[in-house]
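A.B. asks: coords please:
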Amino acid sequence: MGAAERLPGIYTYADLKSMCKPEGNPTLATVERWLIRQRIPYHYDGNGGVWTTPEAINSALGIGGKLEAYRPEDLA
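C.D. replies: Take a look at the predicted model:
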């Protein structure tokens, strides 16, 4: 069972391990390096792992989310 069934909107350490290195069992350090290289924000879970959100991954990829229009006075 993946995070979508347990915690909607959260990718757990187990999920991130499978994204980072599907053919193996990466260490926490490997997963963290992958997240940093991909510029994906993450947090520690208190159980020796990390977690993130689909929105964080999409943002790092430059997809998803709405861009807010700026107002001219914001630039003044």
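A.B. asks: Mind jotting down where the helices sit in the chain?
C.D. replies: Ranges of helices within the chain are 3-6, 13-20, 28-37, 54-61, based on DSSP state H.
A.B. asks: Mind checking those helices for the one nearest to Asp45?
C.D. replies: Distance to Asp45, taken as C-beta to C-beta, is lowest for helix 13-20 among the helices of the chain, at 6.2 Å. All C-beta atoms are positioned from the backbone trio N, CA, C, and that covers glycine.
A.B. asks: that older thread, make a markdown table from the helices of the chain and add distance to Asp45 to it.
C.D. replies: Shown next, in a markdown table, are these (distance: least, C-beta to C-beta, whole Å):
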| stretch | distance to Asp45 |
| --- | --- |
| helix 3-6 | 11 |
| helix 13-20 | 6 |
| helix 28-37 | 10 |
| helix 54-61 | 14 |
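A.B. asks: And stretch 44-58, what's buried?
C.D. replies: For stretch 44-58, burial by neighbour count (16 or more other C-beta atoms under 10 Å) applies to 49-53, 56-57.
A.B. asks: quick one on the thing from earlier: which of the helices of the chain is buried the deepest?
C.D. replies: The highest mean neighbour count among the helices of the chain, using mean count of other C-beta atoms under 10 Å, belongs to helix 13-20: a mean of 18.
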